[in-house]
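1. mind looking at a prediction? Sequence and model below.
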Amino acid sequence: MYPQTEQKIRDLVTNGTVPGVSYGFIRQQQTWTHYLGASELVPQKRALKAGQLYDLASLTKVVATTTLILKLQEQQRLSLNDPVQKYLPEFGDVRVTLRHLLTHTSGIIGYIPNRDQLAAPALTQALLGLKVGADFGRKVVYSDTGLIYLGWVIERLLKIPVQQALAQEVLRPLHLNTMTFTPEKARCVPASYEPAGRGLIQGIVHDPKAFVLGVHCASAGLFSDLADMLQFCRFMLGDLVISQPPISTATIANLYQDQTGFNGGRSLGWQLLTAADGHKVLYHTGFVGHFMLIDGQSHNAFVFLSNRIHPTSPNKAYLALRDQIVATYLQESK
């Protein structure tokens, strides 16, 4: 299918850069799935199997949270040009809009001392107290904060915890039946191993802020197997017949446009990459070791799930190799 891309993936496992990989391709109406290597290495080595669930980390932002924000926009329950203050009056800067949060152009900066030791109410207060710096509206600076805020916007509108809202309004309508915020531990691929801290992190979100905020966090926390991730891609490609789709084909088509106002390479929620012939492709990564690409023009998709921080992070060597795999795929899929 994509021989050079697949060789680079095999090399990741063979060289020990990652314990294992679950990956799949969609090309037109065909789908291929592959499972390589181990699901965990410590405290004991286990083989990777189909159907295991991964902590999706920041893929939560695009699969669930961005989709629900766009659904609420279609329903005219919010506008992307609304100031964040309209929904979160505790936030102190009237200039920042929901669009700025989605495109990572809000300029929100600040350091929260002892962040991971705070309880949820204190962390919430601290996050809402962050300030806006000089990059406001001029530069893309990727951050979890904007999507956490958007989760709280969803809560103010729907009056339920955001993770419940995401399951109800996005996951269930798309029949993503294994995708969940409350996974069965035994089915999960462990994220990392912290013998002096949380131990084997399996079936519980790895991200520290999401771990503290729990059901009120929309930037991470979702778990899924490969099949449901490909099912989501099928929806985004227009291949699923859904009785009540969360967002329209027109809204999906609009995602392939830069939304920063200065050609910053980001759409609403998604990053934009450029295919070999110049058209745009939707892209996003997850800290645990994932990425996904959706190419509406060529009707292709690529989902890559791994636990590159197992047994320990940061494993920065993975990042350059990941980017090589993505670049190779974009060349081979033209």
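-> Yep, it's here. Residues are numbered from 1 along each chain as shown.
2. can you tell me the closest non-neighbouring residue to the residue nearest the centre of the chain?
-> With distances taken as Cα atoms, centre = their mean, the residue of the chain nearest its centroid is residue 59 (1.3 Å). Leaving aside its chain neighbours, residue 59 sits nearest to residue 286 (4.4 Å; criterion: Cβ to Cβ, 6 or more residues apart in numbering). C-beta: built from backbone N, CA, C; applies to glycine.
3. could you check the pLDDT of that neighbour?
-> Predicted confidence (pLDDT) for residue 286: 98.
4. which ones are touching it?
-> Residues near residue 286 by Cβ atoms under 8 Å, 6 or more residues apart in numbering: 56-60, 220.
5. next secondary structure element downstream of the lowest-mean-pLDDT helix or strand in the chain?
-> Taking mean pLDDT, DSSP states H and E as the measure, the chain has strand 193-194 as its least confident helix or strand, at a mean of 90. Next helix or strand after strand 193-194 toward the C-terminus (DSSP states H and E): strand 199-200.
6. helix or strand right after that next one?
-> Per DSSP H and E, the first helix or strand lying C-terminal to strand 199-200 is helix 208-213.
7. who's in contact with that next one?
-> 115-116, 118-120, 123-124, 144, 148, 204-205, 217, 219-221.
8. again, only using 10 Å
-> Helix 208-213 has contacts (Cβ atoms under 10 Å, 6 or more residues apart in numbering) with 55, 57-58, 60, 112, 115-124, 127, 144-145, 148, 151-152, 161-163, 181, 198, 201, 204-205, 207, 216-222.
9. which of these count as buried?
-> Buried members of the contacts of helix 208-213, counted by 16 or more other Cβ atoms under 10 Å: 55, 57-58, 60, 112, 118, 123-124, 127, 144-145, 148, 151-152, 161-163, 181, 201, 204-205, 207, 216-222.
10. picking that back up, okay, and which of the contacts of helix 208-213 map to strands?
-> Among the contacts of helix 208-213, DSSP state E puts residue 55 in strands.
11. just the contacts of helix 208-213: which are in helices?
-> Applying DSSP state H to the contacts of helix 208-213, the entries found in helices are 60, 120-124, 127, 145, 148, 151-152, 162-163.
12. count the neighbours of the closest residue to residue 42 other than its chain neighbours for me.
-> With Cβ to Cβ, 6+ apart as the criterion, residue 42 has its nearest non-adjacent residue at 4.7 Å, and that residue is residue 311. Residues near residue 311, counting by other Cβ atoms under 10 Å, number 18.
13. pretty sure residue 311 sits against residue 16.
-> No - Residue 311 lies out of contact with residue 16 (Cβ atoms under 10 Å); the separation is 11.3 Å.
14. mutual contacts of those two, please.
-> residue 41.
15. surely residue 238 touches residue 247?
-> No - taking contacts as Cβ under 10 Å, residue 238 lies outside contact range of residue 247: 11.4 Å.
16. give me the more crowded residue out of those two.
-> More crowded of residue 238 and residue 247, by other Cβ under 10 Å: residue 247, with 21 against 13.
17. in which helix or strand would I find that one?
-> Counting by DSSP H and E, residue 247 is part of no helix or strand.
18. for whichever strand or helix holds residue 250, which positions count as buried?
-> Element membership for residue 250, per DSSP H and E: helix 249-254. Neighbour counts over helix 249-254 (16+ other Cβ under 10 Å) mark 251-252 as buried.
19. which residues touch the helix or strand following that helix?
-> Using DSSP H and E, the helix or strand that directly follows helix 249-254 along the chain is strand 271-274. For strand 271-274, contacts defined as Cβ under 10 Å, 6+ apart pick out 62, 104, 140, 142, 255-260, 263-266, 279-285, 291, 293, 295, 326-327, 329-330.
20. now strand 271-274: mean pLDDT?
-> Mean per-residue pLDDT for strand 271-274: 98.
21. in PDB, list the C-alpha atoms belonging to it.
-> Output in PDB follows, covering the C-alpha atoms of strand 271-274 (Å, rounded to 0.1, in the frame of the first residue of the first chain):
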ATOM      1  CA  GLN A 271      -3.300  21.600  12.000                       C
ATOM      2  CA  LEU A 272      -3.100  21.900   8.300                       C
ATOM      3  CA  LEU A 273      -0.400  20.000   6.300                       C
ATOM      4  CA  THR A 274       0.300  20.300   2.600                       C
END
